[in-house]
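Student: Quick one, fold the following:
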Amino acid sequence: MQVYLVGGAVRDELLGRQVTEHDYVVVGSTPGHMLKAGFTQVGRDFPVFLHPKTKEEYALARTERKQGQGYTGFICDFSPDITLEEDLGRRDLTINAIAKAEDGSLIDPYGGQADLNHRLIRHVSEAFSEDPLRILRVARFTARYRDLGFVITEDTRKLITSMVQAGELNTLTIERVWLECEKSIKDGEFATFLKLLNSFGALGYICSAIASKWSDTLFEKIEKQQHFAHQHHYDSEVSFAVLAHWLSPEEIEDLAAHLKLPNQQTLALNIYHQLNCDGIAQLHPEAVASVFNAFDLYRRPERFSLLIQLYNTLHLGNNSVDTLSKAFELAKGVTAKAFIDAGLKGPQIKDAINTRRAELIARALKSESC
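Tutor: Numbering: from 1, shown residues only. Okay, here's the model as predicted:
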């Protein structure tokens, strides 16, 4: 049994970047041998095992043969006769097809080191076209390493364009699409990710409304705001939500439904859109009160942090954040007890609470402007 470090860990180590996770490929072993050695099997379609101590992933060397459309429908062979070179040959990009032996030597049958040195994104083989998810992965990796000057080779770009034109993206599940989007958001390069998808003719698959509005100016605005959010370590929802500035409420609903967005992403989109539409930037008391109510901040005060992050991103550090925070602190202190004690009932209590909160918000905003 031979064990090799593979994939992103080798790539990032050679690039001098921080390695965050380690994946290993095992040559010459079987599931039975792995289980006997204390590993825990977690893979269904092909055997992947967790190390008994480190819990890092160890996958048996395998080959894949396509038997259908999309990124599913592969027949895997993971017999102990599969070689390391055969396993590396099924991978997407040459820079991801480098292995490191336990003695530190590198195995690089597809020229990944040369492509790293020349800053090239290149597919390993024509088998790349069997998995349309790789279109999104190319965009994500190119965006992630754009500061290093990586570019996509012409042959790879042509192959991707042909896959898009053939409708291969339609075979992907939206959950896998969102996962690639989310990884790019966490990289802080989602704007570039979208720009690359647009250059492939694939952006419309993510969001037709964004694709129809796309321009260099739009890219620059999204990029500026997302970099601001990333530099300040804001939630990933913030980076995604800046798209809402250019979408209508109907388009936001369509985007959320199409990507089957988690609730927090949808909430962020809607908050960001309302921050743009309701005059809160000018700290109008009615607008501020409306936003606080619209997103149920009094019952869900943890959402206020998200609102402030989105406000900061939209206005790039506007000094009025402290004023908003003061207004919210005052308003959320209003409870029903005083109005119940005063003899109010039913809808009267709700109206009185809203009126009092609006008064406190207006007072806080006025005192800060004086």
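
Student: which of the residues in the helix or strand hosting Val25 are buried?
Tutor: Under DSSP states H and E, the secondary-structure element containing Val25 is strand 23-27. Of the residues in strand 23-27, 23-27 count as buried by neighbour count, 16 or more other C-beta atoms under 10 Å. The way it works is simple: take the backbone N, C-alpha and C, and place the C-beta from them, glycine included.

Student: ok, which stretches of the stretch 151-300 of the chain are strands?
Tutor: Remark: strands of the stretch 151-300 of the chain, listed N- to C-terminal, are 151-152; assignment by DSSP state E, counting those that start in this stretch.

Student: Nearest residue to the spatially most central residue of the chain in space, please, no chain neighbours.
Tutor: With the centre of the chain defined as its mean C-alpha position, the nearest residue by C-alpha atoms, centre = their mean is Glu182, 1.2 Å away. Residue nearest to Glu182 in three dimensions, not counting chain neighbours: Ser236, with 6.6 Å by C-beta to C-beta, 6 or more residues apart in numbering.

Student: list the contacts for the one you found?
Tutor: Contacts for Ser236 were tallied using C-beta atoms under 8 Å, 6 or more residues apart in numbering; they are 182, 185-186.

Student: which one of the residues you listed sits closest to Thr217?
Tutor: Out of those, the one with the shortest distance to Thr217 is Ile185. That distance is 21.3 Å, counting by C-beta to C-beta.

Student: list the contacts for that closest one?
Tutor: 236, 239-240.

Student: quick one: it and Ala143, what's the gap?
Tutor: 11 Å (C-beta to C-beta, to the nearest Å).

Student: again, but for Asp322
Tutor: Counting by C-beta to C-beta, the separation of Asp322 from Ala143 is 35 Å.

Student: Show me which of these two is the more surrounded one.
Tutor: Here Asp322 and Ala143 are compared on neighbour count by other C-beta atoms under 10 Å; more neighbours surround Ala143, at 22 against 11.

Student: Please, which helix or strand holds the more buried one?
Tutor: Following DSSP H and E, one finds Ala143 within helix 133-144.

Student: Next, the buried residues of the helix or strand following the strand holding Val25.
Tutor: Remark: after strand 23-27, the chain's next helix or strand is helix 31-36, criterion DSSP H and E. Buried positions in helix 31-36, judged by neighbour count with 16+ other C-beta under 10 Å: Met34.
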